[in-house]
Structures are given as C-alpha cells and as structure tokens.
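*Asks:* Predicted model and sequence follow; I will ask about them next.
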Amino acid sequence: MLASPGGDAFDDKDWLYEIKWDGYRAIAECSGKTVELYSRNGLSFKEKYPDITTGLGKIKHRAVLDGEIVFLDKTGNPSFQKLQQYEDKPEGKLLYYVFDLLFLDKKDLRHLALTDRKQLLKKLLTGIKEPAIQYNDHVLQNGQAFYAEAIKKNLEGVIAKKADGQYATGMRSKEWLKIKNRTSMEAVIAGYTAPQNSRKHFGSLVLGEYVGKELRYLGHTGTGFDDKSLKELWQKMQPLITTKSPFKTKVRVNTAVTWLRPKLLAEIVYAELTEEGILRHSAFKGLRIDKNISDVKKTTNKSTAGNSKDHIVKIDGRTLTLTNLSKLYWPKEKITKGDLLAYYDSMATYILPHLKDRPLSLKRNPNGILDAGFYHKDAGDQAPTWVKKYEMRAESTNKMVNYIVCNNKPTLLYIANLGSIEINPWNSTTRKVENPTYMIIDIDPSDKNTFDDVIETALVVKKILDKAGVESYCKTSGATGLHVYVPTGGKYPYEKIRQFGEIVASLTVEQLPGITSVERSLKKRGNKIYVDFLQNSKGQTLAAAYSVRPKAGATVSTPLLWKEVKKGLHPSNFNIHNIQKRVGKMGDLFAPVLTHKGFNLQKALKSLEA
C-alpha cells in the first residue's frame, strides 16, 4: 500500500498520524524460524542489514510486517546517506520502524481497520523486546500539532492514515497521505556530464521524470556527493550507457552528456521548481534502490512553493534572478526571504569587508528556519561564471572543493538567494590561506548557563588578553554565545594561533572552574560553558560579523563595544530590523579586526608568564 501526496497538515478525528521516516520501505516475512526482508520492488535487505534480520528472528509467530528501515545518527536524527553507507559502520543505530501487520499466524488481517491491526502489532512487538525492531506509534486527530513537532525536529514530515482503513496491497491510496517537510522528489537519472578540474568520475547528473509514458527533462544536479558516492554511482551507471537520449525532445545542456538507459532512480532535494518545471538549487540525496521507475510521479509540495514570481535585477552590471521573495523564512515574525535579501543588500558595505578574499561555508535554509538546513561549501556547476571561486582541499573530507569567495554585492545577493541565511568565512584569506588574520575564542554556553555567565566568561577572556598585551574585540554570536576576536595580522600559521588560543582558554577555565570547560564533549563537560579554541583550526568557521542567524527573531551576529558587555546584554537585542540604524550611528566596530597589524606572539606569551 502506497501513500498519495498530501497537501497541508489537518486535524480529523477519523485519521491517525505517524512520523514519515527517511529510510527504505521494507516488508518482513517471519515464519518463526526464518526471516525474509525485502523492498517493495523485491530487493532483499536480509544480508545488507543483518541486525534487523536477527531481531526479527525473535518473533516466534508467522507474521508479515510493513515498515521502514532507518538509520539514526549520533544526534538521533535520521540519515538516509548513512543508511546507504551502513557497511562502513557509521556512528549511530539501525532500526526497523514497523507500522503495519498484514498477516498473523496464517490469518489475513488486511481487511481489519488500521487501528485494530496496529493494536495487534504493538502486542506482537512488545513480546520480543528487541531494540532494533520498533513499533511506529501514532497520534489520533491532532495532525497539525504533530506535523509542527515533526518540522521542529527536522523530520521528513508525517503520514496521515484513515484510522478505519483497510490495507490495499500494491495500491496507491488516498487513505494514506504523505505530508512532507522537505522539498524532495524521486527523479530518473537520464545521463551524466564529464567531471571538471580535480573532480573524478562525473560532473552532474541529468535528471528527468515520467509524465505519462514520456520522460520530461528536470534539469541537472552536481552537488550532494562525496568521493565514495561519486565512485559507486559512476560504477552503477556504466552498464546503462547508450548513444541515444531517453528524452523525446531535445534538452539544453551546456556540455556533452553520456546518456543512460533510464533504470536508476535518485532522491533529489531542491529549493523550488521553476515555472518551466526545472529543479532549482538541487542536490543528490541518494539512490532509491527500494523503488521502481514506475513509482516516479510528478511531485508538488504546497508548503515549499513560492508565493511570488521571479525577480530579475541588475546589480553592478550582473544579472540575478531572485526567487520566492515572499516565502516566509521566519513564520512567527512574518519575515520573508525578500526581507533577508533586503537586509544583505542594505548591509553590503559593512559585511563585505569581513568576507573579502575568504573561502565561505554557507548555512542554507531554503525552507526557512523551521528546517534544519544544510552546509554548502562547493560552488557547484550552477554558480554563475562571475562568482569568484577558490579551489583547495577541504580539511574535513580531504577532497577538492571550489569555495565561493564573496567580494561584491552581486555575489552576496546570489548566496543569500540560495537560502544562505548564515554566512561563515574562513579565518584566513586566499592570499595567505595557511595564516589566519585573527584568533577566535568562541564562548558557547550549555542550556543551563545564563547569559550573565557568558558575559562573565568573556570579560575574563578580555582580562587575560589585556595581560598578554593584545587587542581584542567582541561580538554576539547571534545565537546564545559571544565571540572574542584577536587580530593577528596573518603573521603566524594556524597551529601557532590555535596553541595560543588554547592557553587563553585554559587560563579562563582556571579562573572560572565552576562554569567553564575546554572539554569538547558535551557529555563530559556537563552544564558548563565551552571555551572553544579549536575554532582556530584551518577550515573551521563562525558566522561573520553582521551575518544573520537562522534563529528566532532573525538575530544578527553583532560587534560590540567592550563597555556594552555587561549585565542586561543579550543577543536577541540585535536583529535585521535594528542593525542598520546601529551601524549608521556607531560605524563598523569590527573594522580594526581586519586592519590591525596584529601582535608579537613571543611577547604575549612572556606577558602571560609574568
């Protein structure tokens, strides 16, 4: 039984609501002795996920179950990518969430009401007490509140089901409705382009969807891959190569395409569909080995559709298409994507110096702050040619990345239009990438600390830096903490600056042992403020001065005078509505961070020893 696309969440006493998991749909057949576990297109999962097979083996009844195989990462969030890479033993746990019972001890239960089937299912699973096999619970009637909670936890969405509904094997039914959070769809892989620069295997996937019997062009995507998935997907595509395009009509692709027989199905996340039906700002999420090509249907998602037409603007000689300007990014505050772009447009003079010549890590929330979003480092094939890029090997993944470098307003608005609420620059510039131009002490509180604790910690950090004879500058994080910056003038490599930061952080903890820690593990440091000096490692980033944060109130990371760092200060005081007036009056308080010649490290160390 398959779910039909649903619209908005709704309340109805005749319906129940379950979490929509981000995994592989799977049928389990248990005989009391043996177990079969397979996708709805017949692909066996028995050997791929042995822990689940073993758990199901504890069921001492003949039963047929329907559920979803899910991988929860170490934070408890579902990860479809790690589910695909389960053989690499990622950190987290594999679960089979069971939501229906079709047969039990030779009795066909499909004609029973869903609530009756689930009652029998719950009793069956309670008896085995197997952690890998979980009963997929539900709520009755209150679909809107349940959906809101799912959005808050950044889940895929919810499945609404008619409480008295029967199970219709193999049928797509209006009695099951999928109400999705993220904008995603299953697309047919129709071909691929050649790799560029240092990238291996392929550049972009050419995508399509079936409308009736005809494959329609959806666009292409070149992001969302790591080295492993690039290689594995390339290997799967080789046997499917053909000389003929699977599209009836000619498609416009800027480079040569290796065409494929349309046999592979990919899940694609995207920001929006254009009026022509082309995916915009799309990314590969994974192969849907558990689904058939015939499952691909045209997808719409009302919650992510824009309410305005594209706006084509020309800025400093560059043409940009700004999209979905009326989409609510902060629903409670009624702040739109257009408001965000207007903020960055008006603040470009102040923020651009803090981004200039620095590789960027973007925090993209194309569906607003209720969506957890994702980090975006590689510019990808879709970036305009006039966007400056800097290629180097990423420290975290050891793969080559084309970082965006934002030196002008058109680029600033381009990245904001991607849904990049938060902009995170490197501590060093492309001119001397191994040497940071500033040191950062990130004062990051736990949920149990007050902001007065954060202020007290920042003032102790300043006192230590004053003793060292170095200038320091403070800004709000825009979230819950404070950032203390020390200009270095780019004189020293990351390792030297990180070591100095560690000394400052350790001295801070010596003075405030009751409320601070340099222990990175949240579990080990408990309810203490993390005095983070590891932000001084190459490739680590923090929100830039004047960057908006995807937090309630549309807060902004705001430079401060040290005399402002006192009781009564709070990051929520500064947001996109009042910052322009503040900088108009006070100027850029962080300008010296960029122009200061720095300090003598040996002298600073001697001063601290004195």
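*Replies:* That came in fine, so what should we check first? Fair warning: this is a prediction, and the values are worked out from it, not measured in the lab.
*Asks:* Report the secondary structure state of Y414.
*Replies:* With DSSP: H, G, I helix; E, B strand; the rest coil as the basis, Y414 sits in helix.
*Asks:* Next one: it relative to A383, how far apart?
*Replies:* 8 Å (Cβ to Cβ, to the nearest Å). In short, each C-beta sits where N, CA and C put it, glycine included.
*Asks:* T249 now?
*Replies:* For T249 relative to A383 (Cβ to Cβ), the value is 27 Å.
*Asks:* which one of the two has more residues nearby?
*Replies:* Each of T249 and A383 has its neighbours counted (other Cβ atoms under 10 Å); A383 has more, 17 against 9.
*Asks:* so what's that one up against?
*Replies:* K389, I404, Y414 (Cβ atoms under 8 Å, 6 or more residues apart in numbering).
*Asks:* Recalculate using a threshold of 10 Å.
*Replies:* K389, N402, I404, T411, Y414, I415, L418 (Cβ atoms under 10 Å, 6 or more residues apart in numbering).
*Asks:* Check G584 too.
*Replies:* Shown in contact with G584 (Cβ under 10 Å, 6+ apart): Y350.
*Asks:* got it, and the one 3 residues further on?
*Replies:* Taking Cβ under 10 Å, 6+ apart, we find G587 in contact with Y350, P559.
*Asks:* now the one 10 residues further on
*Replies:* When the contact criterion is Cβ under 10 Å, 6+ apart, the partners of K597 are E471, P487, T488, G489, G490, K491.
*Asks:* can we see that at 7 Å?
*Replies:* The contact partners of K597, taken as Cβ atoms under 7 Å, 6 or more residues apart in numbering, are G489.
*Asks:* For it, pull up the helix or strand it's in.
*Replies:* According to DSSP states H and E, K597 maps onto no helix or strand at all.
*Asks:* quick one: pLDDT of it?
*Replies:* pLDDT recorded at K597 is 93.
*Asks:* try the one 4 residues further on
*Replies:* pLDDT, the model's per-residue confidence, is 96 for L601.
*Asks:* How about it, nearest residue that isn't a chain neighbour?
*Replies:* Nearest residue to L601, sequence neighbours excluded (Cβ to Cβ, 6 or more residues apart in numbering): Y492, at 5.9 Å.
*Asks:* Also Q196?
*Replies:* With Cβ to Cβ, 6+ apart, the residue lying closest to Q196 is G203, at 5.6 Å.
*Asks:* I'd say that neighbour and T221 touch.
*Replies:* No - under the criterion of Cβ atoms under 7 Å, G203 lies out of contact with T221, with a separation of 10.2 Å.
*Asks:* and these two? which has more neighbours close in?
*Replies:* T221 (26 against 18).
*Asks:* Ramachandran angles for that one?
*Replies:* phi -140, psi 140 (degrees, to the nearest 10).
*Asks:* what's the neighbour count on the spatially closest residue to it that is not a sequence neighbour?
*Replies:* Once flanking residues are discounted, T221 sits nearest to S282: 4.2 Å by Cβ to Cβ, 6+ apart. Using other Cβ under 10 Å, S282 has 29 other residues around it.
*Asks:* if I look at S282, how far off is I268?
*Replies:* 5 Å.
*Asks:* Now do the shared contacts for those two.
*Replies:* Common contact partners of S282 and I268 (Cβ under 7 Å, 6+ apart): T221.
*Asks:* follow-up on the earlier one: give me the secondary structure label for the residue nearest to Q196.
*Replies:* coil.
*Asks:* roughly how far apart are it and Q602?
*Replies:* G203 is 49 Å from Q602, by Cβ to Cβ.
*Asks:* where do the strands sit along the stretch 251-400 of the chain?
*Replies:* 257-260, 265-269, 272-273, 279-280, 283-287, 311-315, 318-322, 328-330, 335-336, 360-364, 374-376, 389-393, 400-404 (DSSP state E, counting those that start in this stretch).
*Asks:* Can you show me the helices along the protein?
*Replies:* Applying DSSP state H to the chain gives helices spanning 50-56, 80-84, 114-126, 143-152, 227-237, 337-346, 348-351, 409-417, 451-468, 494-511, 522-525, 579-586, 591-595, 601-609.
*Asks:* Out of those, flag the one nearest D164.
*Replies:* Minimum separation from D164 across the helices of the chain (Cβ to Cβ) falls at helix 114-126, 6.8 Å.
*Asks:* With adjacent residues omitted, what lies nearest to A160?
*Replies:* Per Cβ to Cβ, 6+ apart, closest to A160 is L177, 4.4 Å.
*Asks:* So what's the residue count around the one you found?
*Replies:* Close neighbours of L177, defined as other Cβ under 10 Å, add up to 21.
*Asks:* Which pLDDT value goes with it?
*Replies:* At L177, the pLDDT recorded in the model is 93.
*Asks:* so how far is K161 from it?
*Replies:* Taking Cβ to Cβ, one finds L177 at 8 Å from K161.
*Asks:* For the nearest residue to F99 once chain neighbours are set aside, give me its contacts.
*Replies:* Leaving aside its sequence neighbours, F99 sits nearest to N136 (Cβ to Cβ, 6+ apart; 3.9 Å). N136 makes contacts with E18, I19, G67, Y97, V98, F99, as judged by Cβ under 7 Å, 6+ apart.
*Asks:* and what of L601?
*Replies:* Y492, K496, F500.
*Asks:* can those residues go into JSON lines with extra columns for pLDDT and distance to K462?
*Replies:* Listed next are the contacts of L601 as JSON lines, based on pLDDT from 0 to 100; distance: Cβ to Cβ, whole Å:
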{"residue": "Y492", "pLDDT": "97", "distance to K462": "21"}
{"residue": "K496", "pLDDT": "97", "distance to K462": "21"}
{"residue": "F500", "pLDDT": "97", "distance to K462": "15"}
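*Asks:* Between these, which sits nearest A552?
*Replies:* Closest to A552, out of all of those and judged by Cβ to Cβ, is F500, at 35.0 Å.
*Asks:* Just give the number of residues close to that closest one.
*Replies:* For F500, using other Cβ under 10 Å, the count is 23.
*Asks:* again with M392
*Replies:* Count around M392 with other Cβ under 10 Å applied: 15.
*Asks:* surely K13 meets G143?
*Replies:* No - here K13 does not reach G143: they are 10.4 Å apart, not a contact under Cβ under 7 Å.
*Asks:* Could you check how far the residue nearest to D588 when sequence neighbours are not counted is from I27?
*Replies:* Nearest residue to D588 in three dimensions, chain neighbours excluded: Y350, at 5.3 Å (Cβ to Cβ, 6+ apart). With the distance defined as Cβ to Cβ, Y350 ends up 58 Å from I27.
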